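>>> build me a structure from this.
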Amino acid sequence: MNMKLNTIEPAYGSKVERTRVGRGIGSGLGKTSGRGHKGQKARAGGFHKTGFEGGQMPLQRRLPKFGFTSRVSLVSGEVRLNELNYLPDTVDVVNIETLRAANIITKTVKFAKVFGDGELSKALTIGKGVKVSKSARAAIVAAGGKVEE
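Numbering: from 1, shown residues only. Down below sits the predicted model:
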């Protein structure tokens with residue numbers, strides 16, 4: 001069967017005629033044009049913003065505000081002492097780059113602090129970019145490492 005230009009039609013259902021309202025009782029959308037009787041929604045320009053409840057205090061204003069995301073928490077990371085044991089043996093100085101390389105902190109972290117949670121089994125030097133808590137500092141020195149200021 002050959003296709004001819006004069007026989008081409010769009011797929012069935014792809015073209016829908018727009019509804020013409022207010023065109024007589026037989027159309028099913030005559031007189032009030034599907035808007036019902038009276039009221040704000042029946043009027044021209046009678047719409048209001050989303051969430052408007054006719055003057056009643058809207059739900060989004062009745063409920064309390066909640067939640068806060070600290071921007072500092074998005075860029076700062078916590079490191080436990082026992083996580084430093086996962087660093088490769090080739091690492092002597094611990095800084096942000098070595099922690100990132102070992103997947104201890106994510107790539108978005110700009111500041112890190114070591115906390116004294118767990119045991120440290122190797123001597124490490126903590127570089128200048130990493131902060132250290134008092135208990136972590138004591139454990140690092142006890143393991144034979146040092147903390148640079």
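>>> helix, strand, or coil at A139?
helix (DSSP: H, G, I helix; E, B strand; the rest coil).
>>> give the full set of residues in contact with it.
When contacts are counted by C-beta atoms under 8 Å, 6 or more residues apart in numbering, A139 is found next to 81, 116, 119-120. C-beta here means a position set from N, CA and C on the backbone, and glycine is covered the same way.
>>> how does it look with 6 Å?
Contact analysis of A139 by C-beta atoms under 6 Å, 6 or more residues apart in numbering lists 81, 116, 120.
>>> what do you get for L29?
V21.
>>> so how far is R20 from it?
With distances taken as C-beta to C-beta, to the nearest Å, L29 is found 8 Å from R20.
>>> swap in R61?
For R61, the distance to R20 equals 40 Å [C-beta to C-beta].
>>> cool, K38 as well?
23 Å.
>>> and what of F66?
With the distance defined as C-beta to C-beta, F66 ends up 48 Å from R20.
>>> same deal with S135?
78 Å.
>>> who has more neighbours out of those two?
S135 (13 against 10; other C-beta atoms under 10 Å).
>>> which SS state does that one fall under?
Here S135 is recorded as helix under three-state DSSP.
>>> what about stretch 88-97, how long is it end to end?
One end of stretch 88-97 to the other measures 13 Å (C-alpha to C-alpha, to the nearest Å).
>>> ok, and what's touching that stretch?
98, 124-127, 129.
>>> so how far is the helix or strand bottoming out on mean pLDDT in the chain from its chain's centroid?
Every helix and strand of the chain was ranked by mean pLDDT, DSSP states H and E. The lowest is helix 71-75, at a mean of 81. Here helix 71-75 is found 14 Å from its chain centre; the criterion is C-alpha atoms, centre = their mean, to the nearest Å.
>>> likewise stretch 104-120?
The chain centroid and the centroid of stretch 104-120 are separated by 23 Å under C-alpha atoms, centre = their mean.
>>> same question for stretch 15-29.
Chain-centre distance of stretch 15-29: 45 Å, with C-alpha atoms, centre = their mean.
>>> do stretch 133-140 as well
35 Å.
>>> may I see the buried residues of it?
Within stretch 133-140, the residues scored as buried using 16 or more other C-beta atoms under 10 Å are 136-137, 139-140.
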